[in-house]
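> Predicted model and sequence below, questions to follow.
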Amino acid sequence: MSSSLVIIPTYNEIENADAIIRAVLGLKKDFNVLVVDDNSPDGTAGHVASMQKEFPNQLFLEVRQEKSGLGTAYIHGFKWAIARKYDYIFEMDADFSHNPTDLLRLHKACENGADVAVGSRYKKGVNVVDWPLYRVLLSYGASIYVKMITGMRVHDPTAGFVCYKRKVLENINLDSIKFVGYAFQIEMKFRAYLKKYRIEEISIIFRDRVKGKSKMSSSIIGEAIFGVMGMKLKSLFQKNKF
């Protein structure tokens, strides 16, 4: 069995699922893939299940009953990975916003001493392609805001392209994670930061999706903006829950 698992949450990603799975499993390093699908109406899970016949020992599928949010999908995947003793556990989008070849760089960073490796859009300027200006400003502004509130020196705290060593996830209380949208990414990094784990950023180029629809919404943005202050206060007064 591979020591590395790539978790890919999906909801209506039938246009991307086949290609992203083949891209990851075709890399020179031996990765396994776990797709966590929220019962996609477009048949994403069924297509992934058919691919398991081709990749029986590399591709795994967990289907949940309903759309429950990005954060809970990753928590589901993390617990699955911990139970099977994977050493390196990755988060990755299904839509090719993250270049699969960069998985190798994230893995190398953790092999070389990082506890958490983050594929960063903002470590060296702004490396985002095909986003409208308002989304770039919103995302980049959020990263500055999060750094100010939390004290983390992470340039891209909302990044969703991440490698965790298993010990990090084992020592975070996953059942107490509050956020379910993109703020989930902030909370996970913040909890790793509070536990003094080494977080290293790897500069990547992030591209907007070509196929399928974005899952971004005003509620997700609001959670990220307004939830950060509450998260910081909770860390000060309820340290035992982190």
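Arrived safely, thanks for sending. Numbers count the residues shown, from 1 in each chain.
> Of all the residues in stretch 161-179, which ones are buried?
Going by neighbour count (16 or more other Cβ atoms under 10 Å), the buried part of stretch 161-179 is F161, V162, C163, Y164, K165, R166, V168, L169, I172, L174, I177, F179. For every residue, glycine as well, the C-beta is placed using N, CA and C.
> Just the endpoints, please. Distance across that stretch?
End-to-end distance of stretch 161-179 (Cα to Cα, to the nearest Å): 17 Å.
> can you check stretch 115-135 too?
Per Cα to Cα, stretch 115-135 runs 29 Å from first to last residue.
> tally of neighbours for W131?
17 (other Cβ atoms under 10 Å).
> Strands along the protein, start to end?
4-10, 32-37, 59-63, 88-91, 116-120, 128-129, 162-165, 199-203, 206-207 (DSSP state E).
> Adding pLDDT and distance to L27, write the buried residues of stretch 161-179 out as CSV.
As requested, these are exported to CSV (pLDDT from 0 to 100; distance: Cβ to Cβ, whole Å):
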residue, pLDDT, distance to L27
F161, 97, 15
V162, 98, 17
C163, 98, 14
Y164, 98, 19
K165, 98, 19
R166, 98, 20
V168, 98, 23
L169, 98, 22
I172, 95, 27
L174, 95, 27
I177, 90, 29
F179, 86, 30
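> Now render these as a markdown table, adding distance to A23.
Shown next, in a markdown table, are the buried residues of stretch 161-179 (distance: Cβ to Cβ, whole Å):
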| residue | distance to A23 |
| --- | --- |
| F161 | 14 |
| V162 | 18 |
| C163 | 17 |
| Y164 | 21 |
| K165 | 24 |
| R166 | 24 |
| V168 | 26 |
| L169 | 24 |
| I172 | 29 |
| L174 | 28 |
| I177 | 29 |
| F179 | 29 |
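> closest to E91 among these?
E91 has its nearest neighbour among the buried residues of stretch 161-179 in V162, at 4.6 Å by Cβ to Cβ.
> can you pull out the helices in this structure?
For the chain, the helices defined by DSSP state H cover 17-25, 44-51, 70-83, 102-111, 133-150, 166-170, 183-194, 218-237.
> circling back to that earlier point, what's the least confident stretch among the strands of the chain?
Mean pLDDT is lowest for strand 128-129 among these, at a mean of 83.
> Relative to that strand, what are the paired strands and their orientations?
strand 206-207 (parallel) (DSSP bridges).
> Any idea which of the strands of the chain gets closest to F190?
Closest among those, using Cβ to Cβ: strand 199-203, at 10.1 Å.
> Give the other helices and strands that that closest one contacts.
Strand 199-203 sits against helix 102-111, strand 116-120, helix 183-194, with contacts defined as 3 or more Cβ pairs under 8 Å, 6 or more residues apart in numbering; DSSP states H and E.
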